[in-house]
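**Q** Got a sequence here, can you build the structure:
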Amino acid sequence: MIFDDDLVKALKDGGFIKQKQKDYYSIRIRVVAGNITAEQMRKVSELAEKYGRGYVTFTVRLGIEIPWVHYTKLQEVKEEVERIGLAMAGCGPRVRPIVACKGTVCPYGLIDTQGLAKKLDDEFFPTPGFPHKFKMGISGCPNNCTKPQFNDIGFQGQVEPELNEDLCTGCGLCADVCEAKAISIKDGLAVRDDDKCIYCGSCIRVCPMDAWKKKRSGVAVFVGGKFGKKYNFGYHIADLVDVEKIPNIIEKTMNFYKSNGISKERLYDTINRVGLENFKKEVLENEDEK
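**A** Below you'll find the predicted structure:
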């Protein structure tokens with residue numbers, strides 16, 4: 001059967017991705033931050049056996065795809081996916097599935113990445129009406145596993161350390177682990193250079209005397225990133241922003257994009273055309289960013 005371009009696009013928007021093999025599609029299933037229950041995974045495996053060729057693949061955005069589904073079975077598979085409490089992950093000019101690392105359980109994680117992803121997914125997915133796709137990414141720390149800088153808006157967990165000089169012995173462990181070279185030992189005490197610090201929290205983690213403590217935590221904010229044939233590193237617009245402010249920043253960013261964007265234009269290009277300072281004024285005003 002031959003599908004015209006409009007129908008193929010409509011199917012893709014609904015989560016049915018045309019394969020290069022005639023009459024076959026990959027079924028893209030939305031999974032929030034890569035989390036799926038064991039029971040759902042078993043059911044997805046059964047669907048892959050029943051409708052595909054017995055295997056699944058995982059997308060960059062932590063979704064699941066069942067390839068090799070014949071076009072005559074698309075609606076049937078969709079209904080079965082929904083019966084197990086999952087949903088299709090469509091394409092098009094809308095909010096895409098949110099990517100988040102395992103910072104909630106990772107020893108390096110500085111924020112609850114999984115909880116944040118679920119909260120943002122509940123609030124914003126799949127908001128339509130954008131000039132182009134809109135992607136969000138969350139990393140729990142500056143190790144940057146999910147590369148939030150390559151999303152339209154991204155967040156990176158941070159912690160600002162503070163030294164209790166009475167507990168510091170000047171052992172130098174914190175200076176040894178500081179990859180940013182922001183800590184030195186002077187007169188028997190650790191000294192932090194705020195201009196070099198990337199707020200990774202390694203000093204807090206390794207200090208045997210608990211001399212380094214958390215002063216405050218939050219996120220770095222990046223906007224305008226994208227990947228593909230033409231890729232851009234997002235603008236780093238703020239540090240140590242309170243996690244509770246994230247939904248408001250996202251909403252302001254979305255409103256800016258919808259109001260100022262041109263059809264087929266990614267957020268990065270909209271910001272460059274309108275001006276980064278104009279964007280920051282509209283989005284960060286009253287957010288008390290660092």
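
**Q** The stretch 1-150 of the chain: strands as residue ranges?
**A** With DSSP state E, counting those that start in this stretch, the ranges of strands along the stretch 1-150 of the chain come out as 16-18, 24-30, 57-58, 64-70, 87-88, 99-100, 136-139.

**Q** any weak-confidence spans in this protein?
**A** 1-3, 287-290 (pLDDT under 70).

**Q** where along it do the helices fall?
**A** 5-13, 38-51, 74-83, 113-124, 173-177, 202-206, 246-260, 267-274, 276-284 (DSSP state H).

**Q** Which strands or helices does the second one pack on?
**A** Under the contact criterion of 3 or more Cβ pairs under 8 Å, 6 or more residues apart in numbering; DSSP states H and E, the helices and strands touching helix 38-51 comprise strand 24-30, strand 64-70, helix 74-83. To be clear about C-beta, it is placed using only N, CA and C from the backbone, and glycine gets the same treatment.

**Q** for those, which one ends up most surrounded?
**A** Neighbour counts (mean count of other Cβ atoms under 10 Å) averaged over each of those peak at strand 24-30, with a mean of 23.

**Q** Can you give the contact residues for that strand?
**A** Strand 24-30 is contacted by residues 11, 15-19, 44, 47, 51-52, 57, 59, 63-71, 74, 77-78, 81, 86-90, 97, 125 when judged by Cβ atoms under 8 Å, 6 or more residues apart in numbering.

**Q** quick one, what contacts the residue of the chain most remote from its centre?
**A** Taking Cα atoms, centre = their mean as the measure, the residue most remote from the mean C-alpha position of the chain is Asp187, 42.2 Å away. Asp187 is in contact with no residue at all, counting by Cβ under 8 Å, 6+ apart.

**Q** still on that earlier bit, want to throw the strands of the stretch 1-150 of the chain into a markdown table with distance to Asp152?
**A** Output for the strands of the stretch 1-150 of the chain, formatted as a markdown table (distance: least, Cβ to Cβ, whole Å):
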| stretch | distance to Asp152 |
| --- | --- |
| strand 16-18 | 21 |
| strand 24-30 | 18 |
| strand 57-58 | 22 |
| strand 64-70 | 22 |
| strand 87-88 | 21 |
| strand 99-100 | 12 |
| strand 136-139 | 7 |
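
**Q** how about Ala180, what does it touch?
**A** Contacts for Ala180 (Cβ under 8 Å, 6+ apart) come out as Lys196, Cys197, Ile198, Cys200.

**Q** Among those residues, the buried ones, what's the PyMOL command?
**A** With 16 or more other Cβ atoms under 10 Å as the criterion, this PyMOL line picks the buried residues out of the contacts of Ala180:
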select buried, resi 197+198+200
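
**Q** Let me know the closest of the contacts of Ala180 to Gly157.
**A** Cys200 (9.1 Å; Cβ to Cβ).
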